[in-house]
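Peer 1: Turn this into a structure:
(one chain, ligands or ions: 1)
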Amino acid sequence: MEYINILYQFIRGDLSNEYFEKYIYNDQLIESNIGNDLYQSLIEANFKNRNAVADIKNLINDFLLNNHPSKCKCCLIKNLDRSDFGTDFSENIFLHLKETKIKGEDYCWISLYECNVCHQAWLVAQDENYDVFYFMRLDNTQIQDIESNNWPIIFDNYNNLSIIVSTSSRFSKY
Ligand SMILES: [Zn+2]
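Peer 2: Just a heads-up that it's a prediction; the model follows:
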(Lines give C-alpha, C1' and ligand atoms only; values in the text may rest on other atoms or scores of the structure.)
Protein backbone atom coordinates (compact mmCIF):
# COMPACT_ATOMS: atom_id res chain seq x y z
CA MET A 1 0.00 0.00 0.00
CA GLU A 2 2.85 2.32 -0.86
CA TYR A 3 0.51 4.80 -2.59
CA ILE A 4 -1.30 5.52 0.72
CA ASN A 5 2.02 6.38 2.30
CA ILE A 6 2.82 8.69 -0.63
CA LEU A 7 -0.58 10.42 -0.34
CA TYR A 8 0.00 11.02 3.37
CA GLN A 9 3.55 12.28 2.73
CA PHE A 10 2.19 14.75 0.19
CA ILE A 11 -0.62 16.19 2.33
CA ARG A 12 1.59 16.58 5.40
CA GLY A 13 4.22 18.45 3.36
CA ASP A 14 7.09 15.96 3.04
CA LEU A 15 6.87 15.65 -0.77
CA SER A 16 7.28 18.52 -3.19
CA ASN A 17 4.44 19.42 -5.55
CA GLU A 18 6.72 18.61 -8.50
CA TYR A 19 7.55 15.15 -7.20
CA PHE A 20 3.91 14.35 -6.46
CA GLU A 21 2.67 15.60 -9.83
CA LYS A 22 5.19 13.36 -11.63
CA TYR A 23 4.16 10.44 -9.46
CA ILE A 24 0.49 10.91 -10.39
CA TYR A 25 1.35 11.01 -14.08
CA ASN A 26 3.74 8.06 -14.03
CA ASP A 27 2.26 5.54 -11.61
CA GLN A 28 0.33 2.94 -13.59
CA LEU A 29 -1.94 1.90 -10.73
CA ILE A 30 -2.82 5.20 -9.12
CA GLU A 31 -6.05 5.73 -11.07
CA SER A 32 -7.52 2.38 -10.03
CA ASN A 33 -6.24 2.85 -6.47
CA ILE A 34 -7.80 6.26 -5.84
CA GLY A 35 -10.78 6.11 -8.21
CA ASN A 36 -11.53 8.01 -11.38
CA ASP A 37 -13.04 11.16 -9.79
CA LEU A 38 -10.08 11.96 -7.56
CA TYR A 39 -7.65 10.96 -10.29
CA GLN A 40 -9.25 13.38 -12.76
CA SER A 41 -9.09 16.20 -10.20
CA LEU A 42 -5.39 15.56 -9.68
CA ILE A 43 -4.58 15.32 -13.38
CA GLU A 44 -6.40 18.58 -14.13
CA ALA A 45 -4.95 20.52 -11.19
CA ASN A 46 -2.41 23.30 -11.56
CA PHE A 47 0.33 22.23 -9.17
CA LYS A 48 1.99 25.64 -9.45
CA ASN A 49 -1.00 27.38 -7.88
CA ARG A 50 -0.97 27.46 -4.08
CA ASN A 51 -4.77 27.49 -3.73
CA ALA A 52 -5.18 24.67 -6.20
CA VAL A 53 -2.69 22.57 -4.23
CA ALA A 54 -4.59 23.32 -1.00
CA ASP A 55 -7.82 22.16 -2.68
CA ILE A 56 -6.14 18.98 -3.88
CA LYS A 57 -4.84 18.25 -0.39
CA ASN A 58 -8.39 18.62 0.95
CA LEU A 59 -9.67 16.13 -1.60
CA ILE A 60 -6.91 13.66 -0.83
CA ASN A 61 -7.46 14.09 2.90
CA ASP A 62 -11.18 13.32 2.48
CA PHE A 63 -10.30 10.26 0.42
CA LEU A 64 -7.88 9.01 3.10
CA LEU A 65 -10.30 9.68 5.96
CA ASN A 66 -13.06 7.77 4.19
CA ASN A 67 -11.02 4.89 2.82
CA HIS A 68 -7.82 4.54 4.81
CA PRO A 69 -8.30 6.23 8.18
CA SER A 70 -5.34 5.97 10.51
CA LYS A 71 -5.73 5.20 14.22
CA CYS A 72 -2.76 7.38 15.11
CA LYS A 73 -1.57 10.76 13.81
CA CYS A 74 1.98 9.77 12.88
CA CYS A 75 1.17 9.80 9.17
CA LEU A 76 0.24 13.49 9.47
CA ILE A 77 3.38 14.56 11.34
CA LYS A 78 6.11 15.88 9.06
CA ASN A 79 9.57 14.31 9.22
CA LEU A 80 10.57 17.46 11.08
CA ASP A 81 7.61 19.18 12.68
CA ARG A 82 6.35 21.36 15.49
CA SER A 83 3.06 21.54 17.33
CA ASP A 84 1.85 23.90 20.04
CA PHE A 85 1.03 22.54 23.51
CA GLY A 86 -2.65 21.94 24.13
CA THR A 87 -3.86 21.96 20.53
CA ASP A 88 -6.11 19.19 19.25
CA PHE A 89 -3.24 18.00 17.10
CA SER A 90 -0.84 17.71 20.02
CA GLU A 91 -3.46 15.99 22.17
CA ASN A 92 -4.16 13.49 19.40
CA ILE A 93 -0.50 12.81 18.80
CA PHE A 94 0.20 12.05 22.44
CA LEU A 95 -2.81 9.75 22.82
CA HIS A 96 -0.65 7.06 21.27
CA LEU A 97 2.94 8.15 21.89
CA LYS A 98 4.78 6.70 24.85
CA GLU A 99 8.04 8.05 26.21
CA THR A 100 10.56 5.21 26.14
CA LYS A 101 13.86 6.94 26.88
CA ILE A 102 15.17 10.28 28.14
CA LYS A 103 18.32 11.80 26.73
CA GLY A 104 19.63 12.67 30.16
CA GLU A 105 19.90 15.38 32.77
CA ASP A 106 21.79 17.79 30.55
CA TYR A 107 19.14 17.44 27.85
CA CYS A 108 16.00 17.06 29.92
CA TRP A 109 13.83 18.49 27.11
CA ILE A 110 14.68 15.65 24.71
CA SER A 111 13.08 12.20 24.74
CA LEU A 112 12.52 9.18 22.59
CA TYR A 113 8.87 8.34 22.00
CA GLU A 114 7.24 5.38 20.31
CA CYS A 115 3.74 5.12 18.87
CA ASN A 116 1.82 2.18 20.28
CA VAL A 117 -0.29 1.92 17.10
CA CYS A 118 2.18 2.05 14.19
CA HIS A 119 5.43 1.75 16.24
CA GLN A 120 7.01 4.78 14.58
CA ALA A 121 9.72 6.25 16.83
CA TRP A 122 10.08 10.01 17.34
CA LEU A 123 12.72 12.26 18.80
CA VAL A 124 10.69 14.83 20.75
CA ALA A 125 11.82 18.10 22.28
CA GLN A 126 9.64 20.18 24.60
CA ASP A 127 10.18 23.91 24.55
CA GLU A 128 8.67 25.17 27.80
CA ASN A 129 9.44 28.81 26.93
CA TYR A 130 7.18 28.86 23.92
CA ASP A 131 4.94 25.88 24.69
CA VAL A 132 5.90 23.98 21.57
CA PHE A 133 6.73 20.34 20.87
CA TYR A 134 9.28 19.50 18.18
CA PHE A 135 9.34 16.17 16.39
CA MET A 136 11.84 14.31 14.25
CA ARG A 137 10.86 11.03 12.59
CA LEU A 138 13.51 8.37 13.32
CA ASP A 139 14.66 5.50 11.13
CA ASN A 140 15.94 2.15 12.38
CA THR A 141 19.59 3.18 12.34
CA GLN A 142 18.87 6.26 14.44
CA ILE A 143 16.84 4.18 16.91
CA GLN A 144 19.71 1.70 17.28
CA ASP A 145 22.11 4.58 17.84
CA ILE A 146 19.87 5.99 20.57
CA GLU A 147 19.73 2.57 22.22
CA SER A 148 23.51 2.76 22.54
CA ASN A 149 23.18 6.35 23.84
CA ASN A 150 24.31 7.97 20.61
CA TRP A 151 21.55 10.54 20.20
CA PRO A 152 20.88 12.86 17.25
CA ILE A 153 22.10 16.34 18.17
CA ILE A 154 19.50 18.30 16.20
CA PHE A 155 17.52 19.48 19.25
CA ASP A 156 20.49 19.86 21.61
CA ASN A 157 20.57 23.67 21.55
CA TYR A 158 17.46 24.57 23.50
CA ASN A 159 17.44 28.20 22.37
CA ASN A 160 17.67 27.27 18.71
CA LEU A 161 14.71 24.93 18.50
CA SER A 162 12.44 27.45 16.82
CA ILE A 163 15.11 28.18 14.21
CA ILE A 164 15.50 24.52 13.28
CA VAL A 165 11.77 24.01 12.83
CA SER A 166 10.41 27.49 12.30
CA THR A 167 7.14 26.69 10.61
CA SER A 168 4.81 23.78 10.33
CA SER A 169 3.59 23.34 6.79
CA ARG A 170 1.67 20.33 7.93
CA PHE A 171 -1.75 20.10 6.42
CA SER A 172 -3.16 22.97 8.41
CA LYS A 173 -6.47 21.51 9.59
CA TYR A 174 -4.57 18.84 11.48
ZN1 LIG B 1 1.62 6.01 14.91
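
Peer 1: How about stretch 61-72, which residues are buried there?
Peer 2: 61, 63-64, 72 (16 or more other Cβ atoms under 10 Å). Bear in mind the C-beta positions are built from the backbone N, C-alpha and C, glycine included.

Peer 1: Sorry, slip of the keys, the one I care about is stretch 31-49.
Peer 2: Buried, per 16+ other Cβ under 10 Å, within stretch 31-49: 34, 38, 41-42, 45, 47.

Peer 1: quick one: which of these is nearest the ion?
Peer 2: Using Cβ to the ion, residue 34 is the member of those that sits closest to the ion, with 22.6 Å.

Peer 1: nearest spatial neighbour of that closest one, skipping sequence neighbours?
Peer 2: Taking Cβ to Cβ, 6 or more residues apart in numbering, and ignoring the residues beside it in sequence, residue 34 has residue 63 as its nearest neighbour in space, at 6.3 Å.

Peer 1: Equivalent analysis for residue 18, please.
Peer 2: If you skip the residues right next to it in sequence, residue 18 has residue 47 as its closest partner in space, 7.2 Å away by Cβ to Cβ, 6+ apart.
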